[in-house]
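Colleague: following is a predicted model, sequence given first.
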Amino acid sequence: MSDRMTVTGYAQMFEEALPSFVAVAEHEKADMREMLMYSLESGGKRVRPVLCLAFCELCGGKAENALPFAAAVEFIHTYSLVHDDLPCMDNDDYRRGKLSSHKKYGEANALLAGDALLTHAFSLIAQAVEQKSVSAQAAIKAVGVLSSCAGLNGMIGGQFVDLAMEGKKSTIDDLFLMDRYKTAALIRAACQLGCIAAGATAEMIEKSGQFAENLGLAFQIVDDLLDDEDETSSDKVNNKATYPALLGAQRARELAEEYTKNAVDALSVFGERAVFLRAFALQLVNRKV
Ligand code: GRG
(Lines give C-alpha, C1' and ligand atoms only; values in the text may rest on other atoms or scores of the structure.)
Protein backbone atom coordinates (compact mmCIF):
# COMPACT_ATOMS: atom_id res chain seq x y z
CA MET A 1 0.00 0.00 0.00
CA SER A 2 1.34 3.42 -0.94
CA ASP A 3 2.18 6.00 1.75
CA ARG A 4 0.39 8.50 -0.49
CA MET A 5 -3.01 7.04 0.28
CA THR A 6 -4.59 10.25 1.59
CA VAL A 7 -6.74 12.76 -0.26
CA THR A 8 -4.17 15.49 0.40
CA GLY A 9 -1.36 13.24 -0.79
CA TYR A 10 -3.01 12.45 -4.12
CA ALA A 11 -4.24 16.03 -4.60
CA GLN A 12 -0.76 17.43 -3.87
CA MET A 13 0.82 15.03 -6.31
CA PHE A 14 -1.63 16.29 -8.93
CA GLU A 15 -1.04 19.99 -8.10
CA GLU A 16 2.71 19.55 -8.48
CA ALA A 17 2.39 17.92 -11.89
CA LEU A 18 -0.34 20.21 -13.25
CA PRO A 19 1.82 23.10 -14.59
CA SER A 20 3.80 20.64 -16.72
CA PHE A 21 0.55 19.65 -18.49
CA VAL A 22 -0.10 23.22 -19.59
CA ALA A 23 3.06 23.60 -21.66
CA VAL A 24 1.28 25.48 -24.45
CA ALA A 25 2.83 27.75 -27.05
CA GLU A 26 2.99 31.39 -26.05
CA HIS A 27 1.81 33.92 -28.57
CA GLU A 28 3.18 37.40 -28.40
CA LYS A 29 -0.25 38.99 -28.19
CA ALA A 30 -2.27 36.48 -26.16
CA ASP A 31 -1.43 35.06 -22.77
CA MET A 32 -3.34 31.83 -23.28
CA ARG A 33 -1.54 29.94 -20.57
CA GLU A 34 -2.59 32.47 -17.95
CA MET A 35 -6.22 32.11 -18.98
CA LEU A 36 -6.10 28.33 -18.72
CA MET A 37 -4.23 28.36 -15.40
CA TYR A 38 -6.72 30.88 -13.97
CA SER A 39 -9.49 28.29 -14.22
CA LEU A 40 -7.34 25.22 -13.59
CA GLU A 41 -5.86 26.60 -10.36
CA SER A 42 -8.78 28.35 -8.73
CA GLY A 43 -9.38 26.06 -5.80
CA GLY A 44 -11.16 23.02 -7.24
CA LYS A 45 -11.38 20.04 -4.91
CA ARG A 46 -9.63 17.73 -7.42
CA VAL A 47 -12.15 14.96 -6.80
CA ARG A 48 -11.68 13.46 -10.28
CA PRO A 49 -7.86 13.40 -10.24
CA VAL A 50 -7.87 11.85 -6.75
CA LEU A 51 -10.26 9.12 -7.97
CA CYS A 52 -8.15 8.48 -11.07
CA LEU A 53 -4.86 8.15 -9.16
CA ALA A 54 -6.42 6.06 -6.40
CA PHE A 55 -8.00 3.59 -8.85
CA CYS A 56 -4.68 3.26 -10.65
CA GLU A 57 -2.95 2.25 -7.41
CA LEU A 58 -5.86 0.05 -6.38
CA CYS A 59 -5.44 -1.89 -9.63
CA GLY A 60 -1.73 -2.37 -9.03
CA GLY A 61 -0.35 0.52 -11.11
CA LYS A 62 1.86 3.46 -10.14
CA ALA A 63 -0.18 6.60 -9.49
CA GLU A 64 2.48 8.70 -11.31
CA ASN A 65 1.64 6.91 -14.55
CA ALA A 66 -2.01 7.91 -14.29
CA LEU A 67 -1.20 11.63 -13.90
CA PRO A 68 -1.73 12.51 -17.61
CA PHE A 69 -5.11 10.72 -17.54
CA ALA A 70 -6.06 12.49 -14.29
CA ALA A 71 -5.12 15.81 -15.91
CA ALA A 72 -7.13 15.01 -19.05
CA VAL A 73 -10.27 14.42 -16.96
CA GLU A 74 -9.67 17.56 -14.85
CA PHE A 75 -9.14 19.65 -18.00
CA ILE A 76 -12.53 18.49 -19.31
CA HIS A 77 -14.17 19.14 -15.95
CA THR A 78 -12.64 22.65 -15.91
CA TYR A 79 -13.77 23.42 -19.46
CA SER A 80 -17.31 22.34 -18.56
CA LEU A 81 -17.36 24.78 -15.63
CA VAL A 82 -15.97 27.65 -17.75
CA HIS A 83 -18.67 27.08 -20.38
CA ASP A 84 -21.36 26.38 -17.79
CA ASP A 85 -20.79 29.84 -16.26
CA LEU A 86 -21.22 31.66 -19.60
CA PRO A 87 -24.19 34.03 -20.00
CA CYS A 88 -25.83 31.65 -22.52
CA MET A 89 -25.68 28.81 -19.95
CA ASP A 90 -25.99 29.41 -16.18
CA ASN A 91 -24.74 33.02 -16.34
CA ASP A 92 -22.65 32.90 -13.17
CA ASP A 93 -20.30 35.79 -12.38
CA TYR A 94 -18.41 33.84 -9.74
CA ARG A 95 -16.89 30.37 -9.53
CA ARG A 96 -15.27 29.11 -6.33
CA GLY A 97 -15.49 32.64 -4.88
CA LYS A 98 -13.51 34.20 -7.76
CA LEU A 99 -14.66 35.96 -10.93
CA SER A 100 -15.70 33.40 -13.51
CA SER A 101 -13.50 33.13 -16.60
CA HIS A 102 -15.74 35.28 -18.84
CA LYS A 103 -15.99 37.99 -16.18
CA LYS A 104 -12.20 38.09 -15.92
CA TYR A 105 -11.20 37.71 -19.59
CA GLY A 106 -14.38 38.37 -21.60
CA GLU A 107 -16.87 35.98 -23.13
CA ALA A 108 -15.00 35.18 -26.34
CA ASN A 109 -11.79 34.35 -24.45
CA ALA A 110 -13.68 32.14 -21.98
CA LEU A 111 -15.26 30.24 -24.85
CA LEU A 112 -11.83 29.69 -26.39
CA ALA A 113 -10.23 28.78 -23.06
CA GLY A 114 -12.88 26.06 -22.63
CA ASP A 115 -12.33 24.80 -26.17
CA ALA A 116 -8.58 24.74 -25.59
CA LEU A 117 -8.93 22.74 -22.36
CA LEU A 118 -11.16 20.18 -24.07
CA THR A 119 -8.86 19.71 -27.04
CA HIS A 120 -5.71 19.63 -24.93
CA ALA A 121 -7.15 16.86 -22.76
CA PHE A 122 -6.89 14.41 -25.64
CA SER A 123 -3.41 15.54 -26.55
CA LEU A 124 -2.33 14.76 -22.96
CA ILE A 125 -3.44 11.17 -23.49
CA ALA A 126 -1.39 10.91 -26.69
CA GLN A 127 1.64 12.46 -24.95
CA ALA A 128 1.35 9.90 -22.14
CA VAL A 129 2.28 7.20 -24.65
CA GLU A 130 5.28 9.15 -25.94
CA GLN A 131 6.45 9.65 -22.35
CA LYS A 132 5.98 5.93 -21.72
CA SER A 133 3.57 6.49 -18.81
CA VAL A 134 1.02 4.19 -20.48
CA SER A 135 0.88 1.76 -23.40
CA ALA A 136 -0.63 2.74 -26.76
CA GLN A 137 -3.39 0.21 -26.12
CA ALA A 138 -4.23 1.85 -22.78
CA ALA A 139 -4.30 5.29 -24.47
CA ILE A 140 -6.75 4.07 -27.14
CA LYS A 141 -9.03 2.65 -24.45
CA ALA A 142 -8.77 5.88 -22.47
CA VAL A 143 -9.71 8.02 -25.49
CA GLY A 144 -12.75 5.79 -26.07
CA VAL A 145 -13.97 6.03 -22.48
CA LEU A 146 -13.23 9.74 -22.04
CA SER A 147 -14.76 10.88 -25.32
CA SER A 148 -17.87 8.85 -24.63
CA CYS A 149 -18.23 10.08 -21.02
CA ALA A 150 -17.61 13.72 -21.96
CA GLY A 151 -19.68 13.74 -25.16
CA LEU A 152 -23.22 13.10 -26.31
CA ASN A 153 -23.44 9.83 -24.36
CA GLY A 154 -22.13 11.60 -21.28
CA MET A 155 -21.69 15.12 -19.95
CA ILE A 156 -22.76 17.06 -23.05
CA GLY A 157 -25.79 14.79 -23.47
CA GLY A 158 -26.70 15.61 -19.85
CA GLN A 159 -26.36 19.30 -20.54
CA PHE A 160 -28.71 18.95 -23.54
CA VAL A 161 -31.26 17.22 -21.29
CA ASP A 162 -30.80 20.02 -18.75
CA LEU A 163 -31.55 22.67 -21.39
CA ALA A 164 -34.54 20.71 -22.70
CA MET A 165 -35.97 20.50 -19.16
CA GLU A 166 -35.78 24.25 -18.63
CA GLY A 167 -39.15 25.81 -17.85
CA LYS A 168 -40.86 22.37 -17.73
CA LYS A 169 -42.07 20.47 -14.70
CA SER A 170 -39.40 17.84 -14.00
CA THR A 171 -39.81 14.58 -12.14
CA ILE A 172 -37.23 12.93 -9.94
CA ASP A 173 -36.58 10.40 -12.73
CA ASP A 174 -35.80 13.28 -15.10
CA LEU A 175 -33.22 14.51 -12.60
CA PHE A 176 -31.61 11.07 -12.24
CA LEU A 177 -31.44 10.68 -16.01
CA MET A 178 -29.82 14.10 -16.45
CA ASP A 179 -27.29 13.62 -13.66
CA ARG A 180 -26.26 10.14 -14.76
CA TYR A 181 -25.04 11.87 -17.90
CA LYS A 182 -24.10 15.33 -16.75
CA THR A 183 -22.22 14.53 -13.54
CA ALA A 184 -21.74 10.78 -13.05
CA ALA A 185 -20.33 10.09 -16.52
CA LEU A 186 -17.19 12.21 -16.06
CA ILE A 187 -16.67 10.72 -12.60
CA ARG A 188 -16.86 7.32 -14.28
CA ALA A 189 -14.22 8.42 -16.77
CA ALA A 190 -11.92 9.45 -13.89
CA CYS A 191 -12.26 6.06 -12.16
CA GLN A 192 -12.02 3.94 -15.29
CA LEU A 193 -9.04 5.85 -16.72
CA GLY A 194 -7.20 5.15 -13.46
CA CYS A 195 -7.90 1.43 -13.91
CA ILE A 196 -6.90 1.56 -17.58
CA ALA A 197 -3.59 3.27 -16.75
CA ALA A 198 -2.83 0.31 -14.46
CA GLY A 199 -3.71 -2.29 -17.12
CA ALA A 200 -6.63 -3.51 -15.00
CA THR A 201 -8.89 -6.43 -15.87
CA ALA A 202 -12.28 -5.92 -17.56
CA GLU A 203 -13.96 -6.84 -14.26
CA MET A 204 -12.07 -4.15 -12.34
CA ILE A 205 -12.96 -1.55 -14.99
CA GLU A 206 -16.61 -2.62 -14.83
CA LYS A 207 -16.75 -2.45 -11.00
CA SER A 208 -15.06 0.95 -10.95
CA GLY A 209 -17.81 2.09 -13.34
CA GLN A 210 -20.52 0.85 -10.96
CA PHE A 211 -18.80 2.61 -8.07
CA ALA A 212 -18.62 5.83 -10.12
CA GLU A 213 -22.23 5.77 -11.36
CA ASN A 214 -23.46 5.58 -7.76
CA LEU A 215 -20.88 7.98 -6.33
CA GLY A 216 -21.66 10.45 -9.14
CA LEU A 217 -25.36 10.55 -8.26
CA ALA A 218 -24.59 10.90 -4.55
CA PHE A 219 -22.13 13.68 -5.43
CA GLN A 220 -24.74 15.61 -7.42
CA ILE A 221 -27.40 15.23 -4.71
CA VAL A 222 -24.97 16.66 -2.14
CA ASP A 223 -24.05 19.44 -4.61
CA ASP A 224 -27.77 20.32 -4.80
CA LEU A 225 -28.11 20.19 -1.00
CA LEU A 226 -25.16 22.56 -0.57
CA ASP A 227 -26.57 24.89 -3.25
CA ASP A 228 -29.94 24.78 -1.51
CA GLU A 229 -28.34 26.39 1.54
CA ASP A 230 -26.97 29.24 -0.60
CA GLU A 231 -29.59 31.93 -1.34
CA THR A 232 -27.46 33.42 -4.16
CA SER A 233 -26.98 30.12 -6.08
CA SER A 234 -28.05 30.29 -9.75
CA ASP A 235 -30.17 27.13 -9.30
CA LYS A 236 -32.20 28.95 -6.63
CA VAL A 237 -32.37 32.22 -8.53
CA ASN A 238 -33.49 30.37 -11.71
CA ASN A 239 -35.93 28.18 -9.74
CA LYS A 240 -34.37 24.97 -11.08
CA ALA A 241 -35.61 21.49 -10.19
CA THR A 242 -33.17 19.94 -7.71
CA TYR A 243 -33.30 16.94 -5.36
CA PRO A 244 -34.07 19.02 -2.24
CA ALA A 245 -36.63 21.09 -4.19
CA LEU A 246 -38.48 17.94 -5.35
CA LEU A 247 -38.00 15.67 -2.34
CA GLY A 248 -37.16 17.88 0.62
CA ALA A 249 -33.68 18.12 2.13
CA GLN A 250 -34.06 15.14 4.46
CA ARG A 251 -35.09 12.62 1.77
CA ALA A 252 -32.44 14.01 -0.57
CA ARG A 253 -29.75 13.40 2.07
CA GLU A 254 -31.03 9.85 2.66
CA LEU A 255 -30.80 9.21 -1.09
CA ALA A 256 -27.23 10.53 -1.20
CA GLU A 257 -26.35 8.11 1.58
CA GLU A 258 -28.06 5.19 -0.21
CA TYR A 259 -26.13 5.85 -3.42
CA THR A 260 -22.89 6.17 -1.46
CA LYS A 261 -23.56 2.78 0.13
CA ASN A 262 -24.14 1.27 -3.34
CA ALA A 263 -20.86 2.80 -4.45
CA VAL A 264 -18.99 1.33 -1.50
CA ASP A 265 -20.61 -2.08 -2.12
CA ALA A 266 -19.30 -2.08 -5.70
CA LEU A 267 -15.76 -2.00 -4.27
CA SER A 268 -16.08 -5.38 -2.55
CA VAL A 269 -14.28 -7.13 -5.43
CA PHE A 270 -11.14 -5.14 -4.47
CA GLY A 271 -11.20 -6.36 -0.85
CA GLU A 272 -9.21 -4.60 1.87
CA ARG A 273 -7.09 -2.65 -0.60
CA ALA A 274 -10.08 -0.38 -1.33
CA VAL A 275 -9.92 1.16 2.15
CA PHE A 276 -8.95 4.60 0.80
CA LEU A 277 -11.75 4.74 -1.78
CA ARG A 278 -14.35 3.62 0.75
CA ALA A 279 -13.30 6.39 3.12
CA PHE A 280 -13.18 8.94 0.28
CA ALA A 281 -16.75 8.10 -0.81
CA LEU A 282 -17.96 8.68 2.77
CA GLN A 283 -15.99 11.90 3.00
CA LEU A 284 -17.62 13.19 -0.20
CA VAL A 285 -21.17 12.55 1.00
CA ASN A 286 -20.40 14.46 4.21
CA ARG A 287 -18.57 17.37 2.53
CA LYS A 288 -19.43 21.01 3.30
CA VAL A 289 -18.20 22.55 -0.01
C1 GRG B 1 -20.31 23.27 -24.38
C2 GRG B 1 -21.31 25.61 -24.13
C3 GRG B 1 -20.97 24.30 -23.56
C4 GRG B 1 -21.26 24.06 -22.29
C5 GRG B 1 -20.95 22.81 -21.64
C6 GRG B 1 -21.24 20.41 -20.28
C7 GRG B 1 -21.48 21.67 -19.59
C8 GRG B 1 -21.37 22.96 -20.26
C9 GRG B 1 -21.84 21.72 -18.32
C10 GRG B 1 -22.08 20.50 -17.56
C11 GRG B 1 -21.09 20.34 -16.52
C12 GRG B 1 -21.55 20.63 -15.14
C13 GRG B 1 -21.53 22.03 -14.66
C14 GRG B 1 -21.87 19.59 -14.37
C15 GRG B 1 -22.16 19.70 -12.94
C16 GRG B 1 -21.21 18.77 -12.23
C17 GRG B 1 -20.71 19.31 -10.91
C18 GRG B 1 -21.39 18.86 -9.67
C19 GRG B 1 -19.68 20.13 -10.88
C20 GRG B 1 -18.98 20.59 -9.65
O21 GRG B 1 -17.91 19.67 -9.43
P22 GRG B 1 -16.88 19.85 -8.22
O23 GRG B 1 -17.64 20.09 -6.95
O24 GRG B 1 -16.12 21.18 -8.63
O25 GRG B 1 -15.95 18.70 -8.23
P26 GRG B 1 -14.73 21.77 -8.12
O27 GRG B 1 -14.99 23.27 -8.02
O28 GRG B 1 -14.36 21.19 -6.79
O29 GRG B 1 -13.74 21.45 -9.18
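Modeller: That came in fine, so what should we check first?

Colleague: going forward, measure contacts between C-alpha atoms and count neighbours the same way
Modeller: Fine.

Colleague: list the buried residues in the helix ranked longest in the chain.
Modeller: Ranked by residue count and defined by DSSP state H, the top helix of the chain is helix 202-228. For helix 202-228, burial by neighbour count (16 or more other Cα atoms under 10 Å) applies to 204-205, 207-228.

Colleague: try stretch 276-289
Modeller: For stretch 276-289, a neighbour-count test (16+ other Cα under 10 Å) marks Phe276, Leu277, Arg278, Phe280, Ala281, Leu282, Leu284, Val285 as buried.

Colleague: what of stretch 152-161?
Modeller: Gly154, Met155, Ile156, Gly157, Gly158, Gln159, Val161.

Colleague: redo those as CSV? Include secondary structure, pLDDT and distance to the ligand.
Modeller: Output for those, formatted as CSV (DSSP: H, G, I helix; E, B strand; the rest coil; pLDDT from 0 to 100; distance: Cα to the nearest ligand atom, whole Å):
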residue, secondary structure, pLDDT, distance to the ligand
Gly154, coil, 98, 9
Met155, helix, 98, 5
Ile156, helix, 98, 5
Gly157, helix, 98, 8
Gly158, helix, 97, 7
Gln159, helix, 97, 5
Val161, helix, 96, 10
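
Colleague: out of the residues you listed, who's nearest Glu254?
Modeller: Glu254 lies nearest to Gly158 out of the buried residues of stretch 152-161, by Cα to Cα, at 23.6 Å.

Colleague: and that closest one, what does it touch?
Modeller: Contact analysis of Gly158 by Cα atoms under 8 Å, 6 or more residues apart in numbering lists Leu152, Leu177, Met178, Asp179, Arg180, Tyr181, Lys182, Thr183.

Colleague: just Ala54 next, same as before
Modeller: Contact partners of Ala54, counting by Cα under 8 Å, 6+ apart, are Met5, Tyr10, Ala63, Gly194, Phe276, Leu277.

Colleague: so what's Ala241 up against?
Modeller: By Cα under 8 Å, 6+ apart, the contact set of Ala241 is Lys169, Ser170, Leu175, Asp235.

Colleague: emit the PyMOL select command for whichever of those are buried.
Modeller: Typed into PyMOL, the line below selects the buried ones among these, using 16+ other Cα under 10 Å:
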select buried, resi 175+235
